[in-house]
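What would the 3D arrangement of this be:
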Amino acid sequence: MIVDDSKLARMVMASAFRRVRPDWTLVETANGGEALAAISGGGVDIALIDFNMPEIDGLELVATIRKTHPGMPVAIVSANVQHEIIGRARELNAGFIPKPLTDEALAAFLSGATLRLKKVTP
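Okay, here's the model as predicted:
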């Protein structure tokens, strides 16, 4: 799942996602509320979340997701590359991928996420 309030940013991330994992199903949401609804509906295994969003920022969204899905692979994807944000992401057991998103960075995160999901699934 991609969560970003910018339609252009979602398009860029979706394009990279489809190049890296063309066989996976992609869900796009524009804000935290839509993201939480998609997760509660089932079928979301991994989340790529923008940091700067209105109402609820990416780290607040990750904290909320952690309450019900503590093992879900999640990454903050942001051009706001500050040690404080990266540190807070790590405290929430989330990765951090800088924007502009590259296929290589996305592929590395998704490969690690896939391994984590295989360990959880019997």
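
Any chance you could list what contacts stretch 63-77?
Applying Cβ atoms under 8 Å, 6 or more residues apart in numbering, the set of residues contacting stretch 63-77 from outside is 4, 13, 32, 35-36, 39-40, 44-51, 56, 58-59, 62, 85, 89, 92-99, 101, 109, 112-113, 116-117, 120. Where C-beta positions appear, they are placed from N, C-alpha and C, glycine not excepted.

wait, I meant stretch 38-49
Residues outside stretch 38-49 that contact it (Cβ under 8 Å, 6+ apart): 1-4, 13, 17, 25, 27, 29, 35, 58, 61-62, 65, 68-69, 72-77, 94, 97, 106, 109-110, 113, 117.

shaky segments in this protein?
Low-confidence segments of the chain (pLDDT under 70): 120-122.

Find the residue at the geometric middle of it.
In the chain, the centroid-proximal residue (Cα atoms, centre = their mean) is residue 48; its distance is 1.5 Å.

That residue: what secondary structure?
strand (DSSP: H, G, I helix; E, B strand; the rest coil).
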